[in-house]
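Visitor: take a look and give me a structure for this.
(2 chains)
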2 protein chains.
Amino acid sequence: MAAKTTLKDLAKMLDVSISTVSKALNDSPEISLPTRIKIKELAASCNYVPNNIAQSLKSKSTKTIGVIIPSILIEFFNKVLYGIEAEATKRGYKIIICLSNETFKKEQESIDTFINGSVDGIILSVAEETQKTNQISHFQKSLNYSLPMVMFDRVLDDIDCDKVTVDDLEGAYKATKFLSKTAGQNILFLNTLSGISVGRLREQGYKKAMANLKRTPIVLNLENYKAIEKGLGSVLKEQKIEAILAADEYSALLAMNVARLNGFSIPDDISVIGFTNGLISEYAMPSLTVVSQHAENIGSLAVDRLINRIEKKSTPDAIHDVVKTKIIERNSTKKIKK
Amino acid sequence: MAAKTTLKDLAKMLDVSISTVSKALNDSPEISLPTRIKIKELAASCNYVPNNIAQSLKSKSTKTIGVIIPSILIEFFNKVLYGIEAEATKRGYKIIICLSNETFKKEQESIDTFINGSVDGIILSVAEETQKTNQISHFQKSLNYSLPMVMFDRVLDDIDCDKVTVDDLEGAYKATKFLSKTAGQNILFLNTLSGISVGRLREQGYKKAMANLKRTPIVLNLENYKAIEKGLGSVLKEQKIEAILAADEYSALLAMNVARLNGFSIPDDISVIGFTNGLISEYAMPSLTVVSQHAENIGSLAVDRLINRIEKKSTPDAIHDVVKTKIIERNSTKKIKK
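Guide: Presented below is the predicted three-dimensional model:
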């Protein structure tokens, strides 16, 4: 893991003695006011935390894990939470949950709430706004306070912490190959998640498979669910589509409905696969073939990594687990020809 | 609101002086050990909280609301949470969420977490186990600590606090009447929630409407979703069913699928209505007619009641808001004949 900023680092950066830095941070009159201000500003910009504060916060074990999820209305996160809760309970930890609502500000506030001594560690999936703007100071602050952190699903490369992600690229690749074998090679990729990492990775996997099949990719990036009826409807009128891979399960469900409204039957005319294995996929008619991300496993694995870190059972290096996806065949796709 | 247990109350119960009680609780050697133990046991069983502790906990405003929900996998609760979060943010409050997982133990632990000074008030929906066993001491304890509490949806009569509930009985009554006018009077009530208050109220509303129509109710109480295919399937083979009212939306969706598997078309042969207006209802095909409980409004109303209580803007008496339901007509029911 990245080393924390120390007094020595600050002294080196300013080319002064460690004692000067220490005195300045403690408002000693021995140090001139301008120097004190300069040193404090540098310390703040480096998220420097005095050792004694970090130490005292760390020593209060709360047996509580703080969790931050971007949205309460995305079933994937609810299933991960379910896995987190179950594993935490098994290991004798409680969880408290905050919502970032996809905003940087709420994510930052949640981190601050957790830093104030109420949890032993944090599990989170990064908010859309944070991903788009690549703001990382709040995460760095948490690590500087020696509060272990595990990121899942949506992660940031620039933060050095344990991570649990889904092999989204591979999942989309496998699903596209599956469709090419069972339905045909006119496969459309329907994506309302192009703004976030998982959406981009799924697109890459789809394109990789299409390149492998020597086919031109047909990518339909849409802003939101509302745009699907019109957007997909006009593509279906213009070109021959034999299969649709959707980047999430609601889009897949809507794609099935739009295809049927346009006179196609599922799966005879068009096969459909969606990402995420929620209840909705199981209960749809026809039931939806999905790329399962093993959401509950992701949750329990994140808890395992975090508790090992809290209880100092991990090696110093950050661990990145990549969970393999699995295609769950239901009735929205034709069977593999035997 | 119910008065808290005071020193005076304890003294009266034991027929000793207030000073004796006070000294005993403070472990004064002036009081004999057996008396001290007796008084402490009584104080604990009455959830007595010394005024100074209650006061000091109360004075630390955290601008944070604690929320406890029974399950993360029920979309109704997620939508209420969404409403809670939005309203709390608007009013300058943060929220932290705990899950009871329908158990008394986890609900009690969550209350204890919140009592330890981390929140200004609590919003919760009662766990299934707590409702079934009618355990209330943990809620009483929260009130004794002067921590305001609002219960929503699943509430307990024995706890004197603000409550926000849905008019479930009226909602089921209206839905049954709607079905009788559009589909016929052979209406089945499908219920997997008979163990909790909302399920019972919906059954009562259905039965009231059937009595009003002078028809014998056809109630199918099932343990879980898995039982629906077999349970409903055999009823559909035996008797003429023109409409199904389901106590939740997943059951309604499954009922549509089971009816179709048995050769009936929706809504021509059988109309279906479910409770809760989730995304799944909108995206199903045919889209599902539902009894909307205005989940987001319930969340924002609960926050409003709680913050008024926290900021002492409420009258002393507990307020019980009953939110009216609304039928949202979609394509799983026939239209009202004009």
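Visitor: need the contact list for A:Leu156.
Guide: When contacts are counted by C-beta atoms under 8 Å, 6 or more residues apart in numbering or on different chains, A:Leu156 touches A:126, A:130-131, A:134, A:136, A:139. Any C-beta I mention is one placed from the backbone N, CA and C, and that applies to glycine too.
Visitor: of these, select the buried ones using a PyMOL command.
Guide: In PyMOL, this line selects whichever of these come out buried by 16 or more other C-beta atoms under 10 Å in any protein chain shown:
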select buried, chain A and resi 126+130+131+139
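Visitor: quick one: name the residues of the stretch 1-150 of chain A near chain B.
Guide: The stretch 1-150 of chain A has residues A:64, A:72-73, A:78-79, A:81-82, A:85, A:89, A:94-99, A:101, A:106, A:109-110, A:113, A:118 near chain B, with proximity defined as C-beta under 8 Å from any C-beta of the partner chain.
Visitor: quick one, helices of the stretch 51-200 of chain A?
Guide: Using DSSP state H, counting those that start in this stretch, the helices assigned to the stretch 51-200 of chain A run over residues A:51-59, A:75-90, A:104-113, A:128-133, A:137-144, A:168-182, A:197-212.
Visitor: of all those helices, which one comes closest to B:Met13?
Guide: When the helices of the stretch 51-200 of chain A are ranked by proximity to B:Met13, the top entry is helix A:75-90, at 38.3 Å, counting by C-beta to C-beta.
Visitor: in CSV, list the C-alpha atoms belonging to that closest one.
Guide: In CSV, the C-alpha atoms belonging to helix A:75-90 read as follows (Å, rounded to 0.1, in the frame of the first residue of the first chain):
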residue,chain,number,x,y,z
GLU,A,75,-30.6,-4.4,-7.7
PHE,A,76,-27.0,-5.5,-8.2
PHE,A,77,-25.9,-3.3,-5.3
ASN,A,78,-28.7,-4.6,-3.1
LYS,A,79,-27.6,-8.1,-3.7
VAL,A,80,-24.0,-7.2,-2.9
LEU,A,81,-25.2,-5.6,0.3
TYR,A,82,-27.1,-8.7,1.1
GLY,A,83,-23.8,-10.6,0.7
ILE,A,84,-21.9,-8.1,2.8
GLU,A,85,-24.4,-8.2,5.6
ALA,A,86,-24.4,-12.0,5.7
GLU,A,87,-20.6,-12.4,5.8
ALA,A,88,-20.2,-9.5,8.3
THR,A,89,-22.7,-11.1,10.6
LYS,A,90,-20.9,-14.4,10.4
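Visitor: okay, the angle between it and helix A:197-212?
Guide: In terms of direction (axes from the mean of the first three to the mean of the last three C-alpha atoms, to 10 degrees), helix A:75-90 departs from helix A:197-212 by 120 degrees.
Visitor: now for helix A:75-90, which elements pack on it?
Guide: strand A:64-69, strand A:94-99, helix A:295-310 (3 or more C-beta pairs under 8 Å, 6 or more residues apart in numbering or on different chains; DSSP states H and E).
Visitor: how about those in CSV, adding distance to B:Ala172, mean neighbour count and mean pLDDT?
Guide: Converted to CSV, the helices and strands packed on helix A:75-90 look like this (distance: least, C-beta to C-beta, whole Å; neighbours: other C-beta atoms under 10 Å in any protein chain shown; pLDDT from 0 to 100):
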stretch, distance to B:Ala172, mean neighbour count, mean pLDDT
strand A:64-69, 33, 25, 96
strand A:94-99, 32, 24, 95
helix A:295-310, 33, 22, 96
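Visitor: could I get the ones you listed as a markdown table with distance to A:Thr276?
Guide: Formatted as a markdown table, these follow (distance: least, C-beta to C-beta, whole Å):
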| stretch | distance to A:Thr276 |
| --- | --- |
| strand A:64-69 | 14 |
| strand A:94-99 | 19 |
| helix A:295-310 | 7 |
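Visitor: what strand or helix carries A:Thr20?
Guide: Taking DSSP states H and E as the criterion, the element that holds A:Thr20 is helix A:18-25.
Visitor: again, but for A:Lys230
Guide: With DSSP H and E as criterion, A:Lys230 is part of helix A:228-238.
Visitor: what residues sit buried inside that helix?
Guide: Buried residues in helix A:228-238, counted by 16+ other C-beta under 10 Å: A:228, A:231-232, A:235-236.
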